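Student: what follows is a predicted structure for the sequence shown.
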Amino acid sequence: MVVGTDSLRGPQGAVSYPGELKAPFPKRKLILNAFECIVPSHVVPGTWVGERQGHKFDTIEYWQDLAKLLERGRFHGIFIADSYGFHDVYGGNLDVSLKAGLQVPKLDPMLIVTAMASVTESIAFGITSTTTYEAPYALARRFTTLDHFTKGRVGWNIVTSHLTSAARNFGLKEAVEHDKRYEIADEFMDVVYKLWESSWHDKAVKRDQEKGIWTEPALVRAINHSSPHFPDIPGPFISHPSPQRTPALYQAGSSGAGTTFGAKHAEAVFIAQPKPEIAAFKVSEYRAKVAALGRDPRALKIIASLLIFVAETDEAAEEKFAYYRSISDGEMALSFNASGTGTDWAQWGEDDELTPPEGSGGHAFLENQKRIAPHIKKWTRAVLREHLTLNRNGAIIVGSPATIANELERWIEVGDVDGFNLSHYDRYSCFEDIVNLLVPELQRRGLFQEDYPEVPQPKGATERVGLTAREGLVGVGQRHLHSSHYGYSHKWLETEEEAKDKWEAANAAKKA
């Protein structure tokens, strides 16, 4: 069972891209990520009350157990969302969010990664961090540190921050305007690329105990970055290059500015669409923008958001869906949506027709819902609450392993997606069902990896070299940014000898 309507039809697998790429596309191995956040209740409203383990989200043991489970299921990664803001638009306060545990309290995902990495070998960790309020120099060091400690298994989900509640806590009166956030983000990326790719040469670190040389001074340089939002960052970078240098780069923008940013910087993007026919439009937009930048459209991995209810039979799965729908929290769903649309739905009575002003986020959202669900003739707060309960921007699929696998294959063929970001309704047991029931069916069909790819070991290596986050996405051997990626343009490409000659000439000129 696919939850939703069949009212919107899309290109039905007939999307074409620059060059020779045309759907339907050949069968390929799926990317599977678990979608998490260190909060009581993430994106599925209120179902935490039925969880056996999810309420332990503030313990190291929960995250270590989850990482081990997902690695047993050969998941590519755990993607952890984060933000600095609250959901306080609904009713003009935090009451609903606090009562329901709606993304508050919220803990820092950066600080749990090493604990998960210590009990796993191959699974990657995608961490969300904002370019709106973070300092690029400090963020670059944190990701480099994590990349070292995880042996290259870290990715960065690049976001900009839109919640006014976050802006206020960083000393601003309101959130930074949408397109300006992306201007800042683009400059931010130039800074971190220079720190990660340009400040330290590949041969800079010597660790030569006999000669007493840890780092060759000639192979470390300043970046001298200057741009409108970051006018004076001299460098050099304080941290030595990590296994990936630049972490694997994720992004989830859906606006015009967001998809342009993602096509330029991301190696994987997340999309949330209710069905593959609609997703195909967004996928086409992304791949066309990537091609226009001179990158292979297939170099960008597109990962769709899904919520899966799987059981041994379709009937058992539908019973499970019905149970979690019965305990989900409609008020929390309204609060979550109010923050995203900037519209306080509480200002209308239960049975009053919703009339958000044209041009507002609420108006755009409601018009889209009317197209998706034309059978609903009058949208009131009560109707919207019911509509949003256990509903999301992404799709919901309910069924046996075979039923779900059939639908995932349809997403690949019609939507041209590369994988799925799987949300949860009952944290640990939800993923346990996916690992034990769905993954074997996907493997039987040749859709999903039966083991992690083996990484060739360098000659003379004193310890095992494992799979990096980037290699898990795009293939073994691609530990660093591809040469067609924009960030690669900042890479220090001189040979060691050329760099040393230039350094000596500069020093001689200073003495003259």
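Tutor: Everything's here; your move. Numbers count the residues shown, from 1 in each chain.

Student: flag the shaky bits of the stretch 251-400 of the chain, pLDDT-wise.
Tutor: For the stretch 251-400 of the chain, applying pLDDT under 70 flags the ranges 391-393.

Student: do the chain as well
Tutor: Applying pLDDT under 70 to the chain flags the ranges 2-28, 50-54, 391-393.

Student: which parts of the stretch 301-450 of the chain are helices?
Tutor: 314-327, 330-341, 361-372, 381-388, 401-415, 427-433, 439-444 (DSSP state H, counting those that start in this stretch).

Student: can you tell me the closest non-neighbouring residue to residue 158?
Tutor: Of all residues not flanking residue 158 in the chain, residue 251 sits nearest, at 4.9 Å (Cβ to Cβ, 6 or more residues apart in numbering). Bear in mind the C-beta positions are built from the backbone N, C-alpha and C, glycine included.

Student: meant to ask about residue 75
Tutor: In this structure, residue 75 finds its nearest non-sequential neighbour in residue 32, 5.0 Å apart by Cβ to Cβ, 6+ apart.

Student: now that neighbour, what's its secondary structure?
Tutor: strand (DSSP: H, G, I helix; E, B strand; the rest coil).

Student: so what's the residue count around residue 198?
Tutor: By other Cβ atoms under 10 Å, the residues close to residue 198 number 21.

Student: I'd say it and residue 223 touch.
Tutor: Yes - Residue 198 lies in contact with residue 223 (Cβ atoms under 8 Å); the separation is 6.0 Å.

Student: max-length strand in the chain?
Tutor: Under DSSP state E, the strand in the chain containing the largest number of residues is strand 301-310.

Student: that strand pairs with which strands, parallel or anti?
Tutor: Using DSSP bridges, strand 301-310 pairs in its sheet with strand 268-271 (parallel), strand 395-399 (parallel), strand 419-422 (parallel).

Student: sorry, back to before: residue 497 is nearest to which of the helices of the stretch 301-450 of the chain?
Tutor: Closest approach to residue 497 among the helices of the stretch 301-450 of the chain (Cβ to Cβ): helix 401-415, 48.3 Å.

Student: and the closest one, what does it pack onto?
Tutor: In terms of contacts (3 or more Cβ pairs under 8 Å, 6 or more residues apart in numbering; DSSP states H and E), helix 401-415 is packed against helix 276-292, strand 301-310, strand 395-399, helix 439-444.

Student: which of these sits closest to residue 332?
Tutor: Among the helices and strands packed on helix 401-415, strand 301-310 sits nearest to residue 332 (Cβ to Cβ), with 15.5 Å.

Student: can you give me the angle that closest one makes with helix 401-415?
Tutor: Strand 301-310 runs at 150 degrees relative to helix 401-415, counting by axes from the mean of the first three to the mean of the last three Cα atoms, to 10 degrees.

Student: strand 301-310: how far from the chain's middle?
Tutor: Strand 301-310 has its C-alpha centroid displaced from the chain centroid by 12 Å (Cα atoms, centre = their mean, to the nearest Å).

Student: just to revisit the earlier point, most packed of the strands paired with strand 301-310?
Tutor: Comparing those by mean neighbour count (mean count of other Cβ atoms under 10 Å), strand 268-271 ranks first with a mean of 27.

Student: and that one, how far out from the chain's middle?
Tutor: Its chain's C-alpha centre and that of strand 268-271 lie 6 Å apart, by Cα atoms, centre = their mean.

Student: same thing with stretch 133-150?
Tutor: Here the centre of stretch 133-150 is set off from its chain's centre by 17 Å, with Cα atoms, centre = their mean.

Student: now do the contacts for the residue nearest to residue 75.
Tutor: Contact analysis of residue 32 by Cβ atoms under 8 Å, 6 or more residues apart in numbering lists 73, 74, 75, 76, 419, 420, 422, 439, 448.

Student: so which of the helices and strands packed on helix 401-415 is nearest residue 114?
Tutor: Comparing the helices and strands packed on helix 401-415 by Cβ to Cβ, strand 301-310 comes nearest, at 24.4 Å.

Student: now do the closest one against helix 276-292, angle only.
Tutor: Counting by the same axes, to 10 degrees, strand 301-310 lies at 160 degrees to helix 276-292.

Student: would you mind measuring from residue 353 to residue 495?
Tutor: Computed as Cβ to Cβ, to the nearest Å, the residue 353 to residue 495 distance reads 70 Å.

Student: I'd guess residue 79 is in a strand, am I close?
Tutor: Yes - with three-state DSSP as the criterion, residue 79 is assigned to a strand.

Student: count the neighbours of the closest residue to it other than its chain neighbours for me.
Tutor: Distances taken as Cβ to Cβ, 6+ apart place residue 126 nearest to residue 79, at 4.0 Å, with adjacent residues excluded. Using other Cβ under 10 Å, residue 126 has 31 other residues around it.

Student: assign residue 126 to helix, strand or coil.
Tutor: Following three-state DSSP, the label given to residue 126 is strand.

Student: and it, how far is that from residue 251?
Tutor: 11 Å.

Student: list the residues that contact both of the two?
Tutor: Contacts common to residue 126 and residue 251, judged by Cβ under 8 Å, 6+ apart, are residue 157.

Student: element containing residue 165, please.
Tutor: Per DSSP states H and E: residue 165 is located in helix 164-169.

Student: using PDB, write out every CA atom in that helix.
Tutor: C-alpha atoms of helix 164-169 as PDB (Å, rounded to 0.1, in the frame of the first residue of the first chain):
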ATOM      1  CA  THR A 164      13.500  32.900  13.200                       C
ATOM      2  CA  SER A 165      13.900  31.300  16.600                       C
ATOM      3  CA  ALA A 166      17.400  30.300  15.700                       C
ATOM      4  CA  ALA A 167      18.200  33.800  14.300                       C
ATOM      5  CA  ARG A 168      17.100  35.400  17.600                       C
ATOM      6  CA  ASN A 169      19.500  33.200  19.600                       C
END
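
Student: list of residues touching that helix?
Tutor: By Cβ under 8 Å, 6+ apart, helix 164-169 touches 83-88, 132-133, 161, 173-176.
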